[in-house]
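*Asks:* fold the following and give me the result.
(2 chains)
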Amino acid sequence: MTPKSEDELARLIREADGPLRITGGGTRMTRASDGETLSTSALSGVTLYEPGALTLVAQAGTPVAEIEAALDAEGQMLAFEPMDHRGLLGTSGTPTIGGVVAANVSGPRRVSSVGACRDSLLGVRFVDGSGTLVKNGGRVMKNVTGYDLTKLMAGSFGTLGVLTEVALKVLPRKPATAVLLREGLDDETAITALCRALGSPYEVTGAAHLQRGLDGAPVTMIRLEGSEASTAYRSDALCRNLAEFGPFTIERDPGRTRDCWRDVRDVAPFHDRAGDIWRLSVKPTDAPAIVAAFEGAEAVYDWGGGLIWLCVPEGTDADRVRRALAGANGHVTFVRRTATGNRFHPAAPAVAALQAGLRHRFDPRGILNPGLMG
Amino acid sequence: MDMPPPDATILARKPELLERLHAALPDAAVISDEVETRAYECDALTAYACPPMAVVLPATTHEVSKILTICHDLGVPVVPRGAGTSLAGGALPTADCVILGIARMNEVLETDYPNRFIRVQAGRTNLSVTGAVEEDGFFYAPDPSSQLACAIAGNIAMNSGGAHCLKYGVTTNNLLGVTMVLMDGTITHLGGAHMDAGGLDLLGLICGSEGQLGIVTEATLRILPKPEGARPVLMAFDSNEVAGACVSDIIRAGVLPVAIEFMDRPCIRACEAFAKAGYPDCEALLIVEVEGSEAEIDEQLATIIEIARRHNPVELRESRSAEESARIWLGRKSAFGAMGQINDYMCLDGTIPVSQLPHVLKRIGEMSTEFGLGVANVFHAGDGNMHPLILFDANEPGDLEKCEAMGAEILKLCVEVGGCLTGEHGVGIEKRDLMRHQYDPADLEAQMAVKDVFDPGWLLNPAKVFPLGDSAARRIAAE
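*Replies:* As a prediction, this is how the structure comes out:
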């Protein structure tokens, strides 16, 4: 089913007599829930773009590429730089902005004051599981009018409602990028260096460590963005600040700096790798020890260590990673794997009860992506 | 402004309530004396006041849990209170409620610089969070103008903002985790030192829920390294339209100032009379501040000044020193005090798309004439969050009502042009009955469904946020 309007979508949900599998472009889930497919891809188009107000409103099925092209023409960008999952998951199709929001997809700039996708999300329209159209938030940056269902919808994977329109805060693209690079650091030292960089006043907008970079050696990467003069000043200052972890080389080529952060964003080192892919969200300084506990695993660290992409041998025991995170701050999502079962981290009982309660209120018949989030 | 009448059956439970609270808490934590409870009869929306049945001042999360369990058992409504600085009546009591004040819980629990967070008890004041980390070169970004007094618990309840949101976001963008007690006494933990939610984003839902879903007792907050420096430039224009166009052009040019503040003539004159900051006498004044090293500041200010020149400013004043920066900010920072000295005023908080600034300012000027009340405008222009101050005389019968009616018209205008009723103060009781202008019944129903899940008995801060008529069925059914 591919409704062409909000009204048609609402009617289809009202009349549904079984589970619905909600998708945008179908690029972010290898094995989603059961049910008849309901796609938002025909709800497409940028409905409002005001560069002077840093706001863009688009229908949920609008291709991400179309939005990025519109922004690019005005020298602006989706600052949370959403990942393209196709390379990692081997999916085809067209990534949509609704899919980005539904999965709260946030790239390397998450670590800066830009924040996650949800932090750029100003408002939503969605149809809940009863077929009722609901709107929340709006198109302005400061809005505390009523409860923030907008944040709740980000990362709800279609289980509370089907997004029809999203409003986003956008930002100016920076004219220059400098990347500090250092090869050969072990995980622990690399994460210490990244934490130091992020605690400096130089406004780091990317902090990653790859256990195996392009030429096979570990590589630690720190991104600075701004004017030519400013990035030159800050990269020099940061190199001095991080002297004990150096020497760093500084890459300033626009094409190469863009490509290397796109590779981090899309977890390119794992694209052709066999194995299961786990995504761990942790306290950055806990990250190296968690990774070290999994023999035969390979890690890509983003967000200064706060995000770990872990490639493990197929069928590695899921409970082991959940145990490794028990008591600590964090959670794991199984992004690509052979085994079946809940891909999300089970919540504590009281929190799980609240989540189940919300799902029941927004989707009383349990027809929207049933079982996807527990 | 109506509040539901107190419930006689709840009032009748007062002796049992006090007995159980005293048994569960240290003596000093329970206040029921009618003189002492009067100190809690209102918040910063002082036009409305009502002493509560009792006040409790817990010292631990466990005590909060015990209090809520008791109130839940007895069906007694609970109104949470941080520092009582709400401008929207968020902490206004009802006669049949217990005020749960969190101010005694003000400790720093953990400071972690490598991972850039601080964990505090939620009664800690906003400014003292920065105070705990600034010697080490860090700060907590959200800076509501009440930051000296307001509590983090209240900041979370209202999703408070401040002057620097354009760059750093508001509370919700800087909140990593909470410990929260549900109305039935259950203690829950959401988020933590990691950067995103597992499962549904309940943390995002809690922030800005005006104390209606749970009581936050501890918070993990993101702290940021302090920039090397910051400096403002002051620009004066002879019309609001031109100043508004200049704001838009600055944003489009790709510089992202940390703050863009806007003042109109009535506000400039009042500030000048009060603080003598040396502001030019003009129609509209912008203060634009940027951050970075000295060279970076120079570069950004040069770009901004070049844009401003295209709009023929009547004056441009770039700060060259800390003293000059302080003088530029002096008038703006004393704006509310300055207005308070010449008049009673009501401070509004609607947000509009930045492109609508000139139109909205013009309409506000026309309303000022229609209602016969003066208005001064001072606000965060970069993010469209307006703070019109409507001037009135509290001693003049009917003036407050006239002022409220005009305020409602201005907020409806904000919604009409694509904005919202409140950018950072919250709905509380003040804007409760305007909610239908922004949201359809289904939109409000979805929000109330969330409260049903967290607080099925509608006992937490029940008569706020939603129009009384819309929440009546739920509040009554729950009794």
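*Asks:* can we go C-alpha only for contacts and neighbour counts from here?
*Replies:* Fine.
*Asks:* hey, where'd the helices end up in chain A?
*Replies:* For chain A, the helices defined by DSSP state H cover A:6-15, A:64-72, A:86-89, A:97-102, A:117-120, A:149-153, A:187-198, A:228-241, A:254-265, A:287-292, A:318-325, A:349-362.
*Asks:* packing partners of the second one?
*Replies:* This means helix A:64-72. Judged by 3 or more CA pairs under 8 Å, 6 or more residues apart in numbering or on different chains; DSSP states H and E, helix A:64-72 is in contact with no other helix or strand.
*Asks:* of the helices of chain A, which shows the lowest average pLDDT?
*Replies:* Among the helices of chain A, helix A:318-325 has the lowest mean pLDDT, at a mean of 80.
*Asks:* which residues are contacting that helix?
*Replies:* With CA atoms under 8 Å, 6 or more residues apart in numbering or on different chains as the test, helix A:318-325 has contacts from A:290, A:331-332, A:345.
*Asks:* stretch B:129-136 too?
*Replies:* Contacts with stretch B:129-136, where a contact means CA under 8 Å, 6+ apart, come from B:108, B:111, B:120, B:138-140, B:226.
*Asks:* would you reformat the helices of chain A as TSV and include mean neighbour count and distance to B:Thr217?
*Replies:* Listed next are these as TSV, based on neighbours: other CA atoms under 10 Å in any protein chain shown; distance: least, CA to CA, whole Å:
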stretch	mean neighbour count	distance to B:Thr217
helix A:6-15	18	40
helix A:64-72	16	40
helix A:86-89	19	41
helix A:97-102	28	30
helix A:117-120	26	23
helix A:149-153	26	21
helix A:187-198	22	28
helix A:228-241	18	37
helix A:254-265	16	36
helix A:287-292	18	28
helix A:318-325	15	24
helix A:349-362	18	16
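*Asks:* show me what contacts residue 200?
*Replies:* As the question left the chain open, I've gone with chain A. Taking CA under 8 Å, 6+ apart, we find A:Ser200 in contact with A:238, B:225.
*Asks:* ah, no, chain B please
*Replies:* Applying CA under 8 Å, 6+ apart, the residues near B:Leu200 are A:152, A:155-156, A:355.
*Asks:* the residue nearest to the spatial centre of chain B and chain A, how far apart?
*Replies:* Nearest to the mean C-alpha position of chain B, by CA atoms, centre = their mean, lies B:His425 at 3.2 Å. B:His425 sits 7 Å away from chain A, going by CA to the nearest CA, to the nearest Å.
*Asks:* which strand or helix spans that residue?
*Replies:* Using DSSP states H and E, B:His425 maps to neither a helix nor a strand.
*Asks:* thinking again about what came up before, can you redo the helices of chain A as TSV with distance to B:Glu416?
*Replies:* Output for those, formatted as TSV (distance: least, CA to CA, whole Å):
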stretch	distance to B:Glu416
helix A:6-15	22
helix A:64-72	26
helix A:86-89	41
helix A:97-102	26
helix A:117-120	23
helix A:149-153	20
helix A:187-198	42
helix A:228-241	41
helix A:254-265	39
helix A:287-292	48
helix A:318-325	48
helix A:349-362	28
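*Asks:* helices and strands of chain B: which one bottoms out on pLDDT?
*Replies:* helix B:335-342 (a mean of 79; mean pLDDT, DSSP states H and E).
*Asks:* residues in contact with that helix?
*Replies:* B:267, B:270-271, B:273-275, B:345, B:378.
*Asks:* ditto for stretch B:398-415
*Replies:* Residues outside stretch B:398-415 that contact it (CA under 8 Å, 6+ apart) are B:346, B:348, B:350-352, B:360, B:364, B:367, B:371, B:373, B:390-394, B:420-421, B:434, B:437-438.
*Asks:* can you pull the contacts of residue 121?
*Replies:* No chain in the question, so chain A it is. The contact partners of A:Leu121, taken as CA under 8 Å, 6+ apart, are A:101, A:150-151, A:154, A:166-169.
*Asks:* can you look at chain B instead?
*Replies:* Counted by CA under 8 Å, 6+ apart, B:Gln121 has contacts B:105-109, B:217-219.
*Asks:* most surrounded residue in those residues?
*Replies:* B:Ala219 (29 neighbours; other CA atoms under 10 Å in any protein chain shown).
*Asks:* got any ranges where the stretch 101-250 of chain B has weak pLDDT?
*Replies:* Residue ranges of the stretch 101-250 of chain B with pLDDT under 70: none are present.
*Asks:* re the thing from before, please indicate which of the contacts of helix B:335-342 are buried?
*Replies:* The neighbour count (16 or more other CA atoms under 10 Å in any protein chain shown) marks B:267, B:270-271, B:274-275, B:345, B:378 as buried among those.
*Asks:* closest to chain A among the residues you listed?
*Replies:* Nearest to chain A, judged by CA to the nearest CA, of the buried ones among the contacts of helix B:335-342 is B:Val378 at 15.7 Å.
*Asks:* name the nearest residue to A:Ile191, ignoring sequence neighbours.
*Replies:* A:Gly305 (6.0 Å; CA to CA, 6 or more residues apart in numbering or on different chains).
*Asks:* hmm, that neighbour is touching A:Thr285, no?
*Replies:* Yes. Contact status for A:Gly305 versus A:Thr285: in contact at 6.9 Å, counting by CA atoms under 8 Å.
*Asks:* what's the farthest-apart pair in the buried ones among the contacts of helix B:335-342?
*Replies:* Maximum pairwise distance among the buried ones among the contacts of helix B:335-342 (CA to CA): 18.2 Å, between B:Ala275 and B:Tyr345.
*Asks:* mind listing the strands in the stretch 351-479 of chain B by residue range?
*Replies:* Per DSSP state E, counting those that start in this stretch, the stretch 351-479 of chain B carries strands over the ranges B:375-380, B:388-392.
*Asks:* using TSV, lay out those strands together with distance to chain A.
*Replies:* Listed next are the strands of the stretch 351-479 of chain B as TSV, based on distance: least, CA to the nearest CA, whole Å:
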stretch	distance to chain A
strand B:375-380	10
strand B:388-392	16
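*Asks:* the ones you listed: lowest mean pLDDT?
*Replies:* Mean pLDDT per stretch puts strand B:375-380 lowest among those, at a mean of 89.
*Asks:* who are the packing partners of that strand?
*Replies:* Using 3+ CA pairs under 8 Å, 6+ apart: strand B:375-380 touches strand B:259-264, helix B:265-275, helix B:357-371, strand B:388-392.
*Asks:* hang on, the earlier thing: so which of the strands of the stretch 351-479 of chain B is nearest A:Arg365?
*Replies:* The nearest among those, by CA to CA, is strand B:375-380 at 44.4 Å.
*Asks:* still on that earlier bit, winner for burial among the helices and strands packed on strand B:375-380?
*Replies:* Across the helices and strands packed on strand B:375-380, averaging neighbours per residue (mean count of other CA atoms under 10 Å in any protein chain shown) puts strand B:259-264 on top, at a mean of 26.
*Asks:* hey, C-alpha coordinates of the helix or strand of chain A with the lowest mean pLDDT in CSV?
*Replies:* Counting by mean pLDDT, DSSP H and E, chain A has its least confident helix or strand at helix A:318-325, which shows a mean of 80. The C-alpha coordinates for helix A:318-325 follow below in CSV (Å, rounded to 0.1, in the frame of the first residue of the first chain):
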residue,chain,number,x,y,z
ALA,A,318,23.5,-11.6,22.2
ASP,A,319,23.1,-12.1,25.9
ARG,A,320,26.8,-11.7,26.4
VAL,A,321,26.9,-8.1,25.1
ARG,A,322,23.8,-7.3,27.0
ARG,A,323,25.5,-8.6,30.2
ALA,A,324,28.6,-6.6,29.3
LEU,A,325,26.4,-3.5,29.4
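*Asks:* quick one: pLDDT of the residue in chain B positioned nearest to chain A?
*Replies:* Nearest residue of chain B to chain A, counting by CA to the nearest CA: B:Gly423, 4.2 Å away. You'll see B:Gly423 listed with a pLDDT of 94.
*Asks:* now swap in A:Ser33 and tell me
*Replies:* A:Ser33 is assigned 70 on the pLDDT scale.
*Asks:* from A:Gly35, how far off is the closest residue to it other than its chain neighbours?
*Replies:* Distances taken as CA to CA, 6+ apart put A:Asn369 closest to A:Ser33, at 5.4 Å, once the chain neighbours are dropped. A:Asn369 is 8 Å from A:Gly35, where distance means CA to CA, to the nearest Å.
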